[in-house]
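Participant: only geometry, no sequence info:
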């Protein structure tokens, strides 16, 4: 019986443990047991540029804006503007420094977290293998496109990303954040 109590106590501690963030890297805690360390722009796959209508739903509410994503070997750039053209935010990552300007503090925008989620969408599974701490990323083909899953080491699903053939991307993160990116 004493052995069972020790085993249960050990399992509970492991379940409650927080993942440590490496101090030498730009990392963001996406869950108590999962961290994401930003991939330097030079290490990302191919250059990418997108302009999307972005819909975000979270417990704080809904937002719709125009989003631009551009990354190449030197930087990653995320820009958001209202549908009327007013600038909302600009986030730039050059591999060593993250710069963020937000028009309104009410947006509650965390540039590192947003950049981590965008990299989860666009980086290759091989690149993500070293960026995700405490979990894993898997991709699979589907009849209506492709799906990427982010799971904790214990197997619990944390995020699902769906890539439709028409270029639309949806992200469902931990049952609390939904993002739809529709190409313009």
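Facilitator: Nice, I can see it. This structure is a prediction, so every number in the text was calculated from the model and none was measured.
Participant: report the central residue of the protein.
Facilitator: In the chain, the C-alpha nearest the mean C-alpha coordinate belongs to residue 117, at 1.3 Å (Cα atoms, centre = their mean).
Participant: pLDDT score for it?
Facilitator: Residue 117 carries a pLDDT value of 91.
Participant: if I pick it, what's in contact with it?
Facilitator: By Cβ atoms under 8 Å, 6 or more residues apart in numbering, the contact list for residue 117 reads 171, 173, 179. Backbone N, C-alpha and C define where each C-beta goes, glycine included.
Participant: tell me how far it lies from residue 85.
Facilitator: Separation of residue 117 from residue 85 (Cβ to Cβ, to the nearest Å) stands at 24 Å.
Participant: enumerate every residue touching residue 122.
Facilitator: Listed by Cβ under 8 Å, 6+ apart, the contact set of residue 122 reads 44-45, 48, 69, 71.
Participant: just the buried ones from those, in ChimeraX syntax?
Facilitator: Entered in ChimeraX, the line below selects the buried ones among the contacts of residue 122, by 16 or more other Cβ atoms under 10 Å:
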select :44,69,71
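Participant: biggest separation within the contacts of residue 122, which pair?
Facilitator: Pairwise distances across those peak at 13.5 Å for 45 and 69 (criterion: Cβ to Cβ).
Participant: low-confidence regions, this structure specifically.
Facilitator: Along the chain, the parts satisfying pLDDT under 70 run over 1-24, 45, 104-109.
Participant: just to revisit the earlier point, most neighbours, which of the contacts of residue 117?
Facilitator: Most neighbours among those, by other Cβ atoms under 10 Å: residue 179, with 22 neighbours.
Participant: how near is it to residue 130?
Facilitator: Applying Cβ to Cβ, the value for residue 179 to residue 130 is 24 Å.
Participant: stretch 102-117: end-to-end distance?
Facilitator: Length of stretch 102-117, first residue to last, Cα to Cα, to the nearest Å: 18 Å.
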